[in-house]
Each structure stands twice: as structure tokens, then as C-alpha cells.
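[1] okay, sequence plus prediction incoming.
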Amino acid sequence: MTNEGDEEMGKGQGNTLWIFPDCEMPPAGDSLLKGHESVIVLNLGNDEAKVSLTLYFTDRDPVDSIEVKVGGERVRCLRLDNPDDLNGYVIPREEQYALKVVSDTPVVVQYGRLDTRQDNMAFYTTMGFSE
């Protein structure tokens, strides 16, 4: 159910380019909550968003064949430790990389990392650079 004016609110909110320069998949660890990264994509528009992910590494060519879809007025969580969410690609753990997210329609993207390398787990989340 939508409220009056929601259709107008969703149009054009967000951006089509998002960049997260500080990514690093932590080890899964032995705790109940496994170390991981995730990317949340919120599509406030009515049309399905076609989203492309590119990963940049220090010492090799980028990986740019990861494409996902996010339905209109939907949110999708991509667990970056789950190859099913990345067209089968496996992100290496404990290796620095950067992530670019491009969408054919404006979306809002948030990155998060759960790191359990210490007893007091750390959760880090940020909005990326966008335009």
C-alpha cells in the first residue's frame, strides 16, 4: 500500500553511480555471526533497476561482469560473501579492493562490513561517493 504522493517521491531519488573505495572481505571467523560485507540497493522508482558492479584491485584488472536487478520499489541485499549474489564470482578475503555500482535508474546504495577478527566484533557501514 502506498501513500498519496509516494509515486512522485520515488522518482529520481538516489543516484546512478556509487563508489566505495575501502572494501576488504574479512575472514568468516568462528563466531555465530560470520564476517562478511554487504551492499544494500534501494530502488524507490517504479521501474526495475539494472545494476552493474565493478571490483577494482591493486594488482590486477577489474572484474566488471557482475550484474543484478532490483525491482521497482524494492530493496535488495547483496551478501558479497555469497557467490550466488555476484553471478558466481568469489571475492577473495582479506584483500583490499574498491567497488563501483552503476544503475540505469537512480538508486540508493549502502555498504556494510561485519568484522569478527576481534572479540568485540566491529560493524562498519557507509554511504559511498555518488553522482
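    Looks like it came in fine. Owing to the predicted nature of the structure, the values given are computational and were not obtained by experimental measurement. Numbers count the residues shown, from 1 in each chain.
[2] gap between the strand ranked longest in the chain and the chain center?
    In the chain, with assignment by DSSP state E, the single longest strand is strand 96-115. Its chain's average C-alpha position is 4 Å from that of strand 96-115, according to Cα atoms, centre = their mean, to the nearest Å.
[3] pLDDT averaged over that strand - what is it?
    If you average the pLDDT over strand 96-115, you get 96.
[4] what strands line up against that strand, and which way round?
    Strand 96-115 pairs in its sheet with strand 15-24 (antiparallel), strand 36-43 (antiparallel), strand 49-57 (antiparallel), strand 122-127 (antiparallel), by DSSP bridges.
[5] quick test: name the residue nearest the centre of the chain.
    V39 (2.2 Å; Cα atoms, centre = their mean).
[6] contact partners for it?
    Listed by Cβ atoms under 8 Å, 6 or more residues apart in numbering, the contact set of V39 reads 20, 53, 77-78, 80, 99, 101, 109-112. C-beta: built from backbone N, CA, C; applies to glycine.
[7] K69 touches A49, doesn't it?
    Yes - between K69 and A49 there is a contact at 6.9 Å, judged by Cβ atoms under 8 Å.
[8] was I right about M121 contacting L114?
    Yes - with contact defined as Cβ under 8 Å, M121 reaches L114; the gap is 6.4 Å.
[9] of these two, who's got more company?
    L114 (20 against 15; other Cβ atoms under 10 Å).
[10] and that one, how close does it get to D84?
    19 Å (Cβ to Cβ, to the nearest Å).
[11] for M121, give me the pLDDT.
    71.
[12] no no, T58
    96.
[13] quick check on K69 and A49: which one has the bigger neighbour count.
    The residue with more neighbours, out of K69 and A49, is A49; 23 against 12, by other Cβ under 10 Å.
[14] what's the distance between that one and P26?
    28 Å.
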